[in-house]
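Undergrad: this is a predicted model, with the sequence first.
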Amino acid sequence: MKNAWMLVATREIVVRALNKGFLIGLVVNVVMIGGLIGFTSYMDGRTESFDVAVVAGDGPAATALESAAGTAASDDQDIELNVVRVDSAAAAEAALEDESADAWLSSGDGEAGGWTLSGWREPDNDLAALVESTVRDQVMAGRADAAGTTVDALTAGSDVETERLDGNPVDPQIVFVAGFVLAFLFFMGAVGSGSMIAGSVIEEKQSRLVEIIATAVPLRQLLAGKIIGSSVIALAQNLLLAGVGLIGASFTDLSAILPAMSATMIWFVVFFTVGFVAVAALYAVAGSLASRTEDLQYTTSPLMMLILGVYVVTFSADGMLERVLSYIPPASIVSMPVRVLNGDALWWEPLVSLLILLLATLGAVLLSERAYRGALMQTGGRVSWKAAMTADRGTTLGA
């Protein structure tokens, strides 16, 4: 039958698209991504309010707090500072204990006196940084005035600007998060769709349905249809999840680097499309090596360990390790797009890495095709790779 692989691929796509477990999992993943982005956007955009106590008569502390409140408002630091005036130190401590105040600022005595920002627990880091900066400026201004000069004169020429010579505007923390997300997408796509193709193969083998199918469809085309169908589903799933992520990121502070993130996502889709063909072929062999559903845990374990290893290593890799992994399939599916986002990959490096991945995929498919045809018709127990590879071609129907 000509183009039988198209019928098989179409059936795989339809069956998977109508599978309730797959649809529920997909919806859960979309909701999780949307919820995470929404929570991040909320946390970044909210304004934290702090009530800071100051004892009546502590003029320097009151002045510093009023200045800090003005600075926070004018610089849009997402901090709102309210000054709470109390009668004594004991009243300030009581306000901290009953949580009517978040912190208490007291000024130092004389030249050597230190300022103290107290809290019933550890004061908030952002609040502490704001108050410390304001107090430092206030003390310096007072001493500059006493010396007959100004703060600007004392600090002239002391500004330090940061510069990144590679010109890449992406923050390292964002690169790390992107690496985690891409590794997660690879893991979910590979394991989810791979397990489905292995399950489909063993279901047909265990029910002896494959013996009927093999009389009309060559096993080579049967395998090709399953690989293509599963690849289409896996790719569509990742495109959907990536699209949701990019659209959500456009509503956050990450919108400025969307062009770089979009380019990285395109590279990931290309690498995943090529690499998943090998993953799907190997999972199909894992299904053919089993004789019953219970055997899948054994036959798919090596693939699961490989994919899990890629997931764990790639998103945490850095430096030379990441450069090496970006050329080694299947780790390159994640590592090379991350390097593109990080800006340390030359224009030709993704192309070379993709060529290596393509060759590795071709080798995996050819190897899997031989093992698949050799194991699919063998029953009575689990089939080893050696037995599958050495099976007599005459015993494989529709080769």
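TA: That came through, no problem.

Undergrad: contacts only, for Pro330.
TA: 186, 190, 275, 278-279, 306-307, 310, 357, 360 (Cβ atoms under 8 Å, 6 or more residues apart in numbering). Backbone N, C-alpha and C define where each C-beta goes, glycine included.

Undergrad: confirm that Glu122 sits in a helix.
TA: No: Glu122: not assigned to a helix; according to DSSP: H, G, I helix; E, B strand; the rest coil it is coil.

Undergrad: list buried residues within the contacts of Pro330.
TA: 186, 190, 275, 278-279, 307, 310, 357, 360 (16 or more other Cβ atoms under 10 Å).

Undergrad: now those residues as CSV including pLDDT and secondary structure?
TA: Formatted as CSV, the buried ones among the contacts of Pro330 follow (pLDDT from 0 to 100; DSSP: H, G, I helix; E, B strand; the rest coil):
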residue, pLDDT, secondary structure
Phe186, 88, helix
Ala190, 88, helix
Gly275, 92, helix
Ala278, 92, helix
Val279, 92, helix
Ile307, 91, helix
Val310, 89, helix
Leu357, 95, helix
Ala360, 95, helix
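
Undergrad: between those residues, which is nearest Tyr372?
TA: Ala278 (13.1 Å; Cβ to Cβ).

Undergrad: list just the nearest of the buried ones among the contacts of Pro330 to Pro60.
TA: When the buried ones among the contacts of Pro330 are compared for distance to Pro60 (Cβ to Cβ), Phe186 wins out at 57.2 Å.

Undergrad: surely that closest one touches Val313?
TA: No: judged on Cβ atoms under 8 Å, Phe186 makes no contact with Val313 at a distance of 11.6 Å.

Undergrad: what's next to stretch 228-243, contact-wise?
TA: Stretch 228-243 has contacts (Cβ under 8 Å, 6+ apart) with 5, 8-13, 16-17, 22, 26, 29-30, 33, 185, 188-190, 192-194, 196-197, 265, 268-269, 272-273, 276-277, 280, 283.

Undergrad: now do 6 Å
TA: 9, 12-13, 16, 29, 185, 189, 193, 197, 265, 273, 276-277, 280 (Cβ atoms under 6 Å, 6 or more residues apart in numbering).

Undergrad: of the residues you listed, the lowest pLDDT goes to which?
TA: Among those, Arg16 carries the lowest pLDDT, at 76.

Undergrad: what is the burial count for that one?
TA: The number of residues packed near Arg16 is 23, by other Cβ atoms under 10 Å.

Undergrad: begin at 500 from now on, thanks
TA: Let's use 500 as the start, then, which means that last one is Arg515.

Undergrad: for the nearest residue to it once chain neighbours are set aside, grab the count of nearby residues.
TA: Once flanking residues are discounted, Arg515 sits nearest to Ile732: 4.8 Å by Cβ to Cβ, 6 or more residues apart in numbering. When neighbours are counted by other Cβ under 10 Å, Ile732 registers 26.

Undergrad: what about Ile732, which helix or strand?
TA: In this assignment (DSSP states H and E), Ile732 forms part of helix 718-748.

Undergrad: hang on, the earlier thing: format the contacts of stretch 727-742 as JSON lines; extra columns: secondary structure.
TA: Output for the contacts of stretch 727-742, formatted as JSON lines (three-state DSSP):
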{"residue": "Ala508", "secondary structure": "helix"}
{"residue": "Glu511", "secondary structure": "helix"}
{"residue": "Ile512", "secondary structure": "helix"}
{"residue": "Arg515", "secondary structure": "helix"}
{"residue": "Asn528", "secondary structure": "helix"}
{"residue": "Leu684", "secondary structure": "helix"}
{"residue": "Gly688", "secondary structure": "helix"}
{"residue": "Ser692", "secondary structure": "helix"}
{"residue": "Ile696", "secondary structure": "helix"}
{"residue": "Met764", "secondary structure": "helix"}
{"residue": "Thr772", "secondary structure": "helix"}
{"residue": "Phe775", "secondary structure": "helix"}
{"residue": "Val776", "secondary structure": "helix"}
{"residue": "Ala779", "secondary structure": "helix"}
